[in-house]
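Visitor: have a look; sequence and predicted model below, questions after that.
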Amino acid sequence: MKDTRELFTAAQAETYARDGVVRLPGAIPIPDVEAMAAALRRKLAAHPQRTARPSKLSSRTGEFDAMASPAVRAVLDVLLGQWEEPAHWGLPLVSFHTGEVAWDVPREHWHIDLGARPGDLRLARLFAILAPSRPGGGGTGYVAGSHRLFEALFEETGGALPSAQARQRLEAGSPWFAALTSRRDEGERIRRFMEAGSEVDGVRVRVCEMLGEPGDVIVMHPLMLHAPTPNVLATPRMMLTQFVYGRA
């Protein structure tokens, strides 16, 4: 296992603060990743579902507890200080080919996970990669930098807003965000939203996919605007996710 100082460096802390998402390479040992991937495949085989995004794959028997590796725990200590141990680690996120011929930036289901008051963001969301996550392979889409806009919005309103209302406030003030969720926008979405991005209220924003190798862990800010993306590859997306709450 890598030294924790190599997993959450000053540069990575800066990336997390700026973009709201940071990848921690090799945070989970490969033997543990392989064991969790095998457990997930057994669940898929035991409960075949005719859907691109199967559900009800969680475990209450500790099959995914290795997601909480020593390195992951150490990073949570840095981010949250004291935190609550989840009752069960690892909610599987699996998506097979979702039926699209070509990949594009999604228009629907953009949301944040909570409406939070400023300063009450003692929450981390983790994604553990169990199989290679490649472009177009269904990795969660997110708008890098959007958490900073939501933080400013909550500072302005002085309180929490529901996810949909907060997103609509962002869309009302930014043609770029309005176009992201509009069905009328017929432009080149990959070029506009991923390659070019935009600047909104002094914050650089662009759409990204969660990509990485088995054993990598991605940490996402609780106010990150994100959405499921299509999987146009022959291989399934296989990840685990977990919310971890800081203690009051």
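Guide: Sure thing, it's come through. Predicted model only: the values in this text are computed from it and were never measured. Residues are numbered from 1 along each chain as shown.
Visitor: mean confidence for the lengthiest helix in the chain?
Guide: Assignment by DSSP state H gives helix 30-46 as the longest helix of the chain. On average, the pLDDT along helix 30-46 is 95.
Visitor: run through who's touching that helix.
Guide: 54, 57, 59, 63-64, 66-67, 69, 90, 92, 94, 128-131, 214-215, 238, 240 (Cβ atoms under 8 Å, 6 or more residues apart in numbering). Glycine gets a C-beta too; all of them are placed from N, C-alpha and C.
Visitor: one more time with 10 Å, if that's ok
Guide: Applying Cβ atoms under 10 Å, 6 or more residues apart in numbering, the contact partners of helix 30-46 are 26-29, 54, 56-59, 61-69, 89-90, 92-94, 96, 128-131, 213-216, 236, 238-240.
Visitor: those in strands, which ones?
Guide: 92-94, 128-129, 238-240 (DSSP state E).
Visitor: redo the residues you listed as TSV? Include neighbour count and pLDDT.
Guide: Compiled in TSV, the ones in strands among the contacts of helix 30-46 are given as follows (neighbours: other Cβ atoms under 10 Å; pLDDT from 0 to 100):
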residue	neighbour count	pLDDT
Pro92	23	95
Leu93	23	96
Val94	24	96
Ala128	31	98
Ile129	26	98
Met238	24	97
Met239	26	97
Leu240	27	97
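Visitor: tabulate those residues (CSV), appending distance to Gly20.
Guide: Shown next, in CSV, are these (distance: Cβ to Cβ, whole Å):
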residue, distance to Gly20
Pro92, 23
Leu93, 19
Val94, 24
Ala128, 18
Ile129, 18
Met238, 23
Met239, 18
Leu240, 20
